[in-house]
Structure formats: structure tokens, C-alpha cells
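Undergrad: give me coordinates for this.
(2 chains)
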Amino acid sequence: MLEIQKLNARVEDKQILNDLSLSIKPGEVHAIMGPNGSGKSTLGNVLTGRAGFEVMSGTIEFNGKNLLEMGIEERARDGLFLAFQYPVEIPGVSNMEFLKSAVDARRKHQGMEELSSFDFMKLARETSQKVSLDPSFLKRGVNEGFSGGEKKRNEILQMMLLEPSFCILDETDSGLDIDALQVVASGVNAMRSSERSFIVVTHYQRLLDFIVPDYVHVLAGGRIVKSGDKELAKELEAKGYGWLEGEVA
Amino acid sequence: MTASTAISTRATEAATAGNAADFQQRALSLAAAQSGPDWLASLREQGSADFSRTPWPGRKTEQWKYTTLRSFQDFTEADWGAGKSVAGVKHKDAASAISSQRLTLDATNLVFVDGVFDAEASDKLPAGLTLFSRADNAAQKLIKDYLGRIAGGVDSARRNLFAMLNNAWVSEGMLIHVPRQTTLDKPVYVAHLSSQSASVTVSNQRLLVVLEEGASAEIIEHYVSQSDEQQVFVNALTEIHLGNNAQLHHTRLNLEPESVSHVGGVYLNLQRDSRFNGFTIAEGSRLKRIDYQMNHCGPGAELNLDGVYLARNKQLVDYHTTIEHRVPNGTSKEVFRGIIGDRAKAVFNGRIHIHKDAQKTLAELHNRNLLTSNSAEIDTKPELEIYADDVRCAHGATISQLDETALYYLQSRGIGPSQARVMLSFGFINELLQGLPHEEIKVALGAHLTALFEADRSLVSDVAGATVESA
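TA: Numbers count the residues shown, from 1 in each chain, chains lettered A, B, ... in the order given. Alright, predicted model coming up:
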């Protein structure tokens, strides 16, 4: 589903990703862990095509297509979704209007009809309850004045409405208390299927108790220095990243 | 080199002065031709005298520093002036034009066409609403007590030339009078239409609002034009007196197209514990200059004013607001936002003057601007003059472009960049629309703006490094 080969990327003059390769098949959940500055968030931004994250060399194939040739919105319409570490507040644009525009764009791309306003509102209300977000949040500006937990739940709400085939969760657990974490995790688990894949970027093993990954990778210095199964996450939690730095060199 | 520059500058000024004199002369002869009620003659005469004594604003006139009146040169060519009434003839197809442009509100609907009251298109006037031309003795007395005095109460150095001209031309207008402790049943919606006619249309609009102690009301003024091309000059002046504890919601929509020049003002006196909630929006045109002059005359009054301006092509829009805090415990909050594109220009001058006796004043003024072109210009100038020592006063003015992070966020959800820009531009303004008291106006304005942003990309582009000039 996603095939990253020898990816080198930089932000301004600083190279962040070094020869990173990663292959993800349908239905798999890959956790990516690593110290600050190792390139975890950069990977998400490169995958979505954010301006300022420049790919120097390497290839990314997404469902057989060259992802790097696609625009930001095309990638999203094709089923790529990034849950932001810091969701953006957009006062004046209602959350409902935002969600409907996004879902309309994806449905249109898939050759489906747009949902009527009535049907969409019903769907959005039901889905918001699944992530324990009061439907009143749909009327507010996008993420406007939302707490950290509410913003993250709003990200999961978007993911559930858009039904992407590939999801990247960028430190979705940061700033969440245990209740919010469970809400987010059960939202993600409800979405798991044999067709849908995930990259779960996190600092902490805690999230992986709830979202159990098939693979765990350690990113350091812009490349994957170690891969394993869920036991690797526990080892990292116990030992920290220090013991791996020798392996990087 | 220096000498020749000086000469050419002088030559230009002389040319402008010539045209201005022409304009002033025509304006005065038009004033002399007004045959309105005799009991308004003294106000007209006073207006003419004030207008003729006031020097034509130039680049060094502080109040007009960023807004040229050069477009008035065009009016000298046209056939308006001697013998014509500013309250002209009603045109046949005006009624249908009005019906397509007016808002549908559960309100007392009043229609003026080129300054003339259109009784057919209007609802029956409820008690308290009186046309100047039909005023009985009691109404005449009330009008004479207030008309021209609220606008005339401004410091002589700061008086607006066109407010004087409005006095000079006044022959018709509407009085909205709400007696003590009463509430107007319905909002009053006043639509002002500039009709399509052969020559330049000049119209003088006048609204006088008197809310006595404890009275409350809601008024919506809506300015529209039938033609996109015809030159129209509108001078619209609103004076508002709020008695002790009175409350007014006031909305002023200036949505006339590019061909309309509009100089207008809202002059407001707030007595003790009265409350004013205002909203105004102006789309740019060849000239749109709107003054809000608000005076805290009695302690404890509260005023909120939200404003929006949008300018594109080579349009100009200029808001000058002044708040005078003369007495203690007054509260003012003003929020203005603008989007300026193409080669358009906007001016926002927000003055807050806190006199030495106005202790415990709370005053806030915020102005945010979005520039969507490298050639667009905004001159924003918060002006604070504070002579009292125990006050709280905050102000800020910002100029920026569309937020790249927000744009990325929307795109990352599959929303195309052009739709995303429309959403962001609209959102920037929509925050202020949300404060409007009527769902109908919110919806109508929302639809109007979205259509505008979708049809004309100039207000939704993003530019890197647009020229920023802050005064």
C-alpha cells in the first residue's frame, strides 16, 4: 500500500530524513518511535506534501501511484490522512462546513454523490458522539477554543468521516489524559480493517497498549535504526533510546 | 530639479483646486434649489454657510490624508446642479430593482429611492416614524431640537465637510422617535436605492433617531444601487440620540457597486447607561468614506461597534471612527476587519479620545487587515489621546496574508486550494457576522460574501510579501 524507498528530505538547509525506507501492507499498523528531532513529524509532513518539506531523492509509492507527484488535496482525496500533532484553529469557519467540504471532496473523487446537508449533519452528529465530542462542537469554528483533548478527538472525528485507507497519527497521544486516550484509541481500533493501514507516531509505549501495532520502528537521525514487534516498544520504554544511539553510528 | 518639481506640484494642486471650487459651487447652487420644508430652511442656510467657509480638503488635511477626493472632478462634467432637487423623481423600474436587492426581514420596511420616500414599496409608518416633509408641530420641534446638533457637536476642527453639505441639502428624511420606556415592536429596515437615470444622480439621505429614556429599538440601514455603471453620489447622514438607559441595535450595510461614491456618517450621542450595538460593512467603490462619531455624554454607557470592509479592483474604502469619552465609567469596544485586493486601497482611522474627567473608562480598538495582492494598500491608524489616569485602554492593528498553516490543514483534508482560500477569507469576516442579531441578515450577507469571493479571486489570493504600509 505504501512503499518508501531511500527517502532523503530536508527542511530549509537541514536534512532531516536520510535514506529512509519503509514498506506497509494493507491492514498493517506500524508504530514509529524515536527521540525528539529524529524526523518523525517530518515523515508525516512529507507524506502529506506540505510546502517547505523538500524531497531531495527517493520514491514514495501509494497504491501504485507516485505520491510525490500528487498535490496535498489529491493525496487526501486518494485516501491519505494525517491526524495532526497540533490541529489548526480556524475561527470563522464552522467545523460542520469544514467537515462537509472535506467529505464532499473525497466522495466526489470516489465518484460518489455528495451527501445532503441533512444526511451529513446526522452522520456528523452520530460520529461525534462516538468520539465523545458534544455535537455543539460541530457548530463552533474549526478547533476554535477546543482543549488539547477536544482537538485530538476532532481529528479522529475527521478520520472516521473521511474513511481514509491510510492514516498517520502524529503524536495523537500527546497532551491527552487517560480517558481521552482511550476514546482516541477505541476510535482508531474501530477503524482497523484488512484494507486500512496506519502509521502511529508516538513517544510513549502507553498508546501502544491501546492501539497494538504489528510492527515497531525506531527512527533516529532520520533513518530507521531498529525494527521489531510490539515487544520492542516495551524495551524502549524500559531502556530509553540511548542504547540505540551506538547502533546508529 | 527641486524647483521644477515644486512648480509641477503647484500646477496639479491648482488644477485640483479649480475642480474642487467647481464642485463646491455646484453643491451650493443645488442647496439653494432645495424647496423642502420651510422650517428646515435655517439648517440648510447654516449648512451652506459652513460648507462654503470650509477649505476643500487636500493632502495636508489630516482627516483626508489618505483619501483623495479627486473622483469629484468627474462630477463637474455632469449635469447636476442648478434647479435639480436632491430628492428627485422616482423612476418606474425602481420598485422591481428594490425588490430584488432588499433583505427579507420581519421588520417595518421602508424604501427610499434617490432620497425620495417610496410609499408604495414601504410598509405603513407605525407611530413614531415620521417623514420630515409630513412632520406635525410636535415632530418638527423634536427634529429641530436634534437635527444637525449631534453631528454639529463635533469639535470645529474635526467637523466633516460632507456633514455640512448634508445640512445644506436637507429637504427630506426620516425621524424614528421612540418615547420613554417603550420598545419598537419590530426592527425598522430602511433600504436606500440609487436608481438608474440618464444623468448623474445625487442624493441626500438623512435619518434621525431619538430614543428617549429607557426606550429600545433596532434599525437596519441598507444602501444599494440599481446600476453598476451609472455614476451616483450619495451623501447619507444618520444622527442618533440615546437617552438614559436607552438601547439601540444599529446595522449599516453599504453594498453599493463600484460606480457609487458614498460619503456618509453615523453620529451618536450616548446618555447615561445607554447601550449601542453597531455593525457596519462596506464594499469598496470609486469612493466610500464613512465616519462614525460617537460621544459618551453621560456616564456608564456602553458601545460596541463591529465593522467590515472589502476593497478590490481600484476601489477605495475609508472608515474614520472617533469615540469621545467625556464622562466616567464608559465602555467602548470596536473591532474592524478588512480584506484588500488588486490595486485597491483601504483606510481605517480609529480615534479614541479620553478626556480628563472620563475616569474608569474601558476602551478597546482592534483592526485586522488581510492583504491579498502586492499592489493593495491599507493605511491603518489607531489614534489614542488619553488625559485621564485611571482608565484601561487597549488597541491593536495588524496586517497579514492568508494563514499558510490553515490553508495546508484544509488541503490536507482534500479541500482544493481555491475553495480553501474562499473559506479562509470568508471565515476572517464571518467571525464578525456572527455577532449580528438577525439570522436573516447573517445568511444574506454570508451568501453575498461567499458569492463575491467565489466570483472574484482577488479577495482570496495569497501573496508572499505584499506591500505593507502602516501609518
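Undergrad: show me what from chain B comes close to chain A.
TA: Proximity of chain B to chain A is confined to B:403-406, B:408-417, B:419, B:423-424, B:426-431, B:434 under the rule Cβ under 8 Å from any Cβ of the partner chain. (C-beta placed from N, C-alpha, C; glycine too.)
Undergrad: if any of those residues are buried, put those into a ChimeraX selection.
TA: If you want just the buried ones from the residues of chain B next to chain A in ChimeraX, going by 16 or more other Cβ atoms under 10 Å in any protein chain shown, the selection is:
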select /B:403,406,408,409,410,411,412,413,414,415,416,417,419,423,424,426,427,428,429,430,431
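Undergrad: tell me which element the spatially most central residue of chain B is part of?
TA: In chain B, the centroid-proximal residue (Cα atoms, centre = their mean) is B:Ile290; its distance is 3.4 Å. Using DSSP states H and E, B:Ile290 sits within strand B:287-296.
Undergrad: dump the C-alpha coordinates for that strand into CSV.
TA: Backbone C-alpha positions of strand B:287-296 (Å, rounded to 0.1, in the frame of the first residue of the first chain) are rendered in CSV as follows:
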residue,chain,number,x,y,z
LEU,B,287,-15.1,56.4,-3.2
LYS,B,288,-16.6,55.3,0.0
ARG,B,289,-15.9,57.3,3.1
ILE,B,290,-17.9,56.5,6.2
ASP,B,291,-17.4,58.3,9.6
TYR,B,292,-18.6,57.1,12.9
GLN,B,293,-18.5,59.8,15.5
MET,B,294,-19.6,58.5,18.9
ASN,B,295,-19.9,60.5,22.1
HIS,B,296,-20.2,59.3,25.6
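Undergrad: what pairs with that strand, parallel or antiparallel?
TA: In its sheet, strand B:287-296 lies beside strand B:260-270 (parallel), strand B:316-325 (parallel), with partners assigned from DSSP bridges.
Undergrad: adding mean neighbour count and mean pLDDT, write those strands out as a markdown table.
TA: Listed next are the strands paired with strand B:287-296 as a markdown table, based on neighbours: other Cβ atoms under 10 Å in any protein chain shown; pLDDT from 0 to 100:
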| stretch | mean neighbour count | mean pLDDT |
| --- | --- | --- |
| strand B:260-270 | 25 | 95 |
| strand B:316-325 | 24 | 96 |
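Undergrad: to A:Arg192, which of these lies closest?
TA: Comparing those against A:Arg192 with Cβ to Cβ, the closest turns out to be strand B:316-325 (54.3 Å).
Undergrad: where in chain A is pLDDT low?
TA: With pLDDT under 70 as the threshold, chain A has low-confidence stretches at A:245-249.
Undergrad: can you classify the residue in chain A that chain B sits nearest to by secondary structure?
TA: Sorted by distance to chain B under Cβ to the nearest Cβ, the residues of chain A start with A:Gly92, at 3.1 Å. Going by DSSP: H, G, I helix; E, B strand; the rest coil, the secondary structure assigned to A:Gly92 is strand.
Undergrad: wait, doesn't it sit right on B:Gly435?
TA: No. The pair A:Gly92 and B:Gly435 does not pass the contact test of Cβ atoms under 8 Å, sitting 11.6 Å apart.
Undergrad: higher neighbour count, those two?
TA: A:Gly92 (20 against 12; other Cβ atoms under 10 Å in any protein chain shown).
Undergrad: now the more buried one: how far from A:Phe120?
TA: Using Cβ to Cβ, to the nearest Å, one gets 20 Å for the distance from A:Gly92 to A:Phe120.
Undergrad: now do A:Thr127
TA: Here the criterion is Cβ to Cβ. By it, A:Thr127 lies 10 Å from A:Phe120.
Undergrad: what does B:Glu256 give?
TA: Going from B:Glu256 to A:Phe120 by Cβ to Cβ gives 37 Å.
Undergrad: which residue is the nearest non-sequential neighbour of the residue in the stretch 301-450 of chain B that chain A sits nearest to?
TA: As assessed by Cβ to the nearest Cβ, chain A sits closest to B:Gly427 within the stretch 301-450 of chain B, at 3.1 Å. If the residues on either side of it in the chain are set aside, B:Gly427 comes closest to A:Gly92, at 3.1 Å by Cβ to Cβ, 6 or more residues apart in numbering or on different chains.
Undergrad: for the record, mean pLDDT for the strand holding B:Ile290?
TA: When pLDDT is averaged along strand B:287-296, the result is 96.
Undergrad: please report phi then psi for the residue lying closest to A:Gly187 once chain neighbours are set aside.
TA: Nearest-residue entry for A:Gly187: A:Ile156, 4.1 Å, with adjacent residues in sequence omitted and distances by Cβ to Cβ, 6+ apart. Backbone torsions of A:Ile156, given as degrees, to the nearest 10, read phi -70, psi -40.
Undergrad: which ones are touching A:Ile156?
TA: Residues touching A:Ile156, when contacts are defined by Cβ atoms under 8 Å, 6 or more residues apart in numbering or on different chains, comprise A:Ala83, A:Val131, A:Thr172, A:Val183, A:Val184, A:Gly187, A:Val188.
Undergrad: list the ones among the residues you listed that fall in helices.
TA: Assignment to helices by DSSP state H places the following of the contacts of A:Ile156 there: A:Val183, A:Val184, A:Gly187, A:Val188.
Undergrad: how many residues are close by the second one?
TA: Think A:Val184. Based on other Cβ under 10 Å, the number of other residues close to A:Val184 is 26.
Undergrad: pretty sure it contacts A:Lys151?
TA: No. Taking Cβ under 8 Å as the contact criterion, A:Val184 and A:Lys151 are not neighbours in contact, 10.9 Å apart.
Undergrad: what element comes up after the helix or strand containing B:Asn367 heading to the C-terminus?
TA: In the assignment (DSSP H and E), B:Asn367 maps to strand B:362-371. Helices and strands here follow DSSP H and E; after strand B:362-371, the next one along the chain is strand B:377-386.
Undergrad: and chain A, which of its residues are near chain B?
TA: Proximity of chain A to chain B, by Cβ under 8 Å from any Cβ, involves residues A:48, A:50-51, A:71-73, A:76-77, A:82, A:84, A:87-88, A:90-93, A:97-98, A:101-102, A:105-106, A:109, A:141-142, A:158, A:162.
Undergrad: which of those residues count as buried?
TA: By neighbour count, with 16+ other Cβ under 10 Å, the residues of chain A next to chain B hold A:48, A:50, A:72-73, A:76-77, A:82, A:84, A:87-88, A:90-93, A:97-98, A:101-102, A:105-106, A:141-142, A:158, A:162 as buried.
Undergrad: center of chain A - which residue?
TA: In chain A, the C-alpha closest to the average C-alpha coordinate belongs to A:Ile168, at a distance of 2.1 Å (Cα atoms, centre = their mean).
Undergrad: name the SS class of it, please.
TA: The assignment at A:Ile168 comes out as strand when based on three-state DSSP.
Undergrad: so where's the stretch 1-150 of chain B shaky on pLDDT?
TA: Filtered on pLDDT under 70, the stretch 1-150 of chain B yields the residue ranges B:1-19, B:73-95, B:97.
Undergrad: B:Phe348 belongs to a strand, doesn't it?
TA: Yes. Secondary structure of B:Phe348, determined by three-state DSSP: located in a strand.
Undergrad: next, count neighbours for the residue lying closest to it once chain neighbours are set aside.
TA: Computed as Cβ to Cβ, 6+ apart, the closest residue to B:Phe348 that is not its neighbour in sequence is B:Thr380, at 4.7 Å. Burial measure for B:Thr380: 22 neighbouring residues, criterion other Cβ under 10 Å.
Undergrad: A helix includes A:Pro164, no?
TA: No. Secondary structure of A:Pro164 (three-state DSSP): coil, not part of a helix.
Undergrad: quick one, phi/psi of the closest residue to it other than its chain neighbours?
TA: Leaving aside its chain neighbours, A:Pro164 sits nearest to A:Phe81 (3.6 Å; criterion: Cβ to Cβ, 6+ apart). The main-chain torsion angles of A:Phe81 are listed as degrees, to the nearest 10 and equal phi -140, psi 130.
Undergrad: correct me, but A:Phe81 touches A:Phe166?
TA: Yes. Under the criterion of Cβ under 8 Å, A:Phe81 is in contact with A:Phe166, at a separation of 6.9 Å.
Undergrad: many thanks, we can stop here.
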